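# here is my input; please provide its structure:
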Amino acid sequence: MIIEDTKDQIISTRQSILDVAGKLIAQKGVKATSLSDIAKEVGISKGTLYYYYSNKNDIIYDIADIHLTRITKELLAWIESIENNISAEDVIRVVFERISTAETRGKLHLYLISDAVTSNGPLNKRFREKYREWRIALENGLRKVLKDRTADYVVLSYIILAALDGFTIQWRLGEEDIPIEGIANVISKLE
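Below you'll find the model as predicted:
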């Protein structure tokens, strides 16, 4: 029983560290969030934090894995939910609305991408792997939605993935309303 309690405590503390670190990174950015900030917010000493994570990059990698897995699940759920009687335009509109505005693609996503493209090689590699997985998931979803079309599903998957990132940035900036319905209409009619 003591071993189980200890395992549960370790899991709980690690989750608290990740939750707090994710919140702080979303507020302040990767570079401005320190291990001291994380330890203080969790209510543990910096030494105790080192027991769970030996450096900030390990925390960032775990946060990124959780974050990227969540987005991947959203994409896969979208593909699974496609029904034969739903129009291609409706499916594409829903994916743009859900994924671009989802909290998982909010400030934390943008901070992690920024770190990945500017200075963090291992995080860059993780993002590249996930983006490839997302692009393939989109390609498969497009094949399912746009069946009987001669569209280039590979090219469309790149366009949609790039558009999702662009929409996420625009929504986070609070810019004008994006004409999602019109965009979905154009993409659904591509041959």
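
# give the next helix or strand downstream of the lowest-mean-pLDDT helix or strand in the chain.
The weakest-scoring helix or strand in the chain, judged by mean pLDDT, DSSP states H and E, is helix 88-101 (a mean of 75). Going down the chain from helix 88-101, the next helix or strand is helix 107-118, by DSSP states H and E.

# pull out the buried positions in the next helix-or-strand element following that next one.
Scanning forward in sequence from helix 107-118 by DSSP H and E, the next helix or strand is helix 121-145. Residues 123, 126-127, 130-131, 134-135, 137-139, 141-142, 144-145 are the ones in helix 121-145 that count as buried (16 or more other CB atoms under 10 Å). Using the backbone N, CA and C atoms, a C-beta is placed for each residue, glycine as well.

# closest to E89 among those residues?
V145 (9.2 Å; CB to CB).

# was I right about the closest one contacting R93?
No: using CB atoms under 8 Å, V145 makes no contact with R93, being 11.1 Å away.

# identify the residues contacting the least confident helix or strand of the chain?
Residues from elsewhere that reach helix 88-101 (CB atoms under 8 Å, 6 or more residues apart in numbering): 71, 74-75, 78, 82, 105, 141, 145-146, 160, 163-164, 167-168, 171, 178, 180-181, 183-185, 187-189.

# same question for stretch 136-151.
Contact with stretch 136-151 is made by 72, 75-76, 78-79, 82, 88, 91-92, 95, 153-154, 156-157, 160-161, 188, 190-191, as judged by CB under 8 Å, 6+ apart.

# same question for that stretch, mean pLDDT?
The average pLDDT within stretch 136-151 is 80.

# also stretch 179-191?
Averaging pLDDT along stretch 179-191 yields 80.

# what residues of it count as buried?
Of the residues in stretch 179-191, those buried (16+ other CB under 10 Å) are I180, I183, A184, I187, S188.

# again with stretch 13-31
For stretch 13-31, using 16+ other CB under 10 Å, the buried residues are T13, S16, I17, L18, V20, A21, G22, L24, I25, A26, G29, V30.

# correct me if wrong: the second one contacts V42.
Yes: between S16 and V42 a contact is recorded at 5.3 Å, counting by CB under 8 Å.

# follow-up on the earlier one: let's see which of the contacts of helix 88-101 end up in helices.
Secondary structure assignment by DSSP state H places 71, 74-75, 78, 141, 145, 160, 163-164, 167-168, 171, 180-181, 183-185, 187-188 of these in helices.

# tell me if I'm right that I63 and K23 touch.
No: look at I63 against K23 with CB under 8 Å: they stay out of range, at 10.1 Å.

# before I go, just wanted to say thanks for your time.
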